[in-house]
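[1] Here you go, sequence then predicted model.
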Amino acid sequence: MPESTFVHPLFGSVRFKTAHPTWVRGDKITFLSGFNVADIEPVTVPQLAHVPSDNGHLRFHKRARAQLLAVFADIEALGLLPTIKTCAGALNFRLRKPTSGALSKLPSNHAFGIAIDLNADDGSLGASVAPVAPIFQAFKFKWGKAFNDPMHFEVEAFVDHPRSVVQDVAVILNNQNIDLRAKNLMGNLVADASRASVLPGVSAQPLPGAKIKFSGPKGTQTLPAQRFGDGLAFVPLVRLCAVAGFNVDFDNDAKVAKLVKIEA
């Protein structure tokens, strides 16, 4: 059986052998040294229970389990779970299978328990997962779109104590909550662009590209939109409120944004 050595960026030098006497594309492999398969442990991702995925039961490397769970918790917090239709699993002791069909003699990151495939059967190699890719990337997962395998996400750095990158923010105007669906998203204070009209006198006009023009009592602003697919776009809360004539007083501890009228 062919044997080979590979220097993995997270695990260092590992030695492995293949199942067949010659190199075969995607062949099963066995680690001989350098990697402890006992570090791969069961994990249940509750957000995957609704899709074909063995009820969300996976096996993943113990150092990456927490960040995997954090990813799916934040996907749920953004209302993006419907984006995920299938999960083809995570752990698979095999060689890489480039989408080009070429033979690779390198172990797949699935073999290390640090990769997961989503929406593999969508007819576009998983490109339909694009709306959730920014969340994976925020937790140090590399998106396989970079090498023409968009269904695939793999850990490129361990996050031992991951913290949510999505927190709901209450917006207060005249001592009442207004539903801007505001969030602290990856460190940025944003609002759901589709809710802009709850601000007095504000209207929105989508523009080509990732931009939206807002008009209000204090003029117009064209704002960049962070899009998660076609149905969800966030824009900077402070700049949106300025169009309506308000400054934002944000309490980060309480996650409350109070709108204060800009004096003429």
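    Noted; the coordinates are in hand.
[2] shaky segments in this structure?
    230, 264 (pLDDT under 70).
[3] per-domain residue ranges of it.
    Under the assignment automatic domain parsing, the domains of the chain span 3-155, 166-261.
[4] May I see the ones you listed organised as TSV, with mean neighbour count added?
    (Glycine included, C-beta is placed from N, CA and C.) Compiled in TSV, these are given as follows (neighbours: other Cβ atoms under 10 Å):
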stretch	mean neighbour count
domain 3-155	18
domain 166-261	16
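[5] Phe139 touches Val159, doesn't it?
    Yes: Phe139 is within contact range of Val159, at 5.8 Å (criterion: Cβ atoms under 8 Å).
[6] Quickly list what's touching both of those two.
    Gln67, Ala70 (Cβ atoms under 8 Å, 6 or more residues apart in numbering).
[7] Report the separation between the spatially closest residue to Ile40 that is not a sequence neighbour and Cys241.
    Sequence neighbours aside, Gly113 is the residue nearest to Ile40 in space, at 3.9 Å (criterion: Cβ to Cβ, 6 or more residues apart in numbering). As judged by Cβ to Cβ, to the nearest Å, Gly113 and Cys241 stand 45 Å apart.
[8] And for Leu95?
    In terms of Cβ to Cβ, Leu95 sits 53 Å off from Cys241.
[9] same thing with Ser13?
    54 Å.
[10] cool, and Phe147?
    As judged by Cβ to Cβ, Phe147 and Cys241 stand 41 Å apart.
[11] can you check Ile29 too?
    55 Å.
[12] just Leu32 next, same as before
    Applying Cβ to Cβ to Leu32 and Cys241 gives a distance of 60 Å.
[13] now swap in Asp160 and tell me
    37 Å.
[14] next one: Val43
    From Val43 over to Cys241 (counting by Cβ to Cβ), the distance is 41 Å.
[15] and if you look at Glu3?
    Counting by Cβ to Cβ, the gap from Glu3 to Cys241 is 62 Å.
[16] Equivalent analysis for Gly79, please.
    Counting by Cβ to Cβ, the gap from Gly79 to Cys241 is 22 Å.
[17] same question, His57
    On the measure of Cβ to Cβ, His57 and Cys241 end up 44 Å apart.
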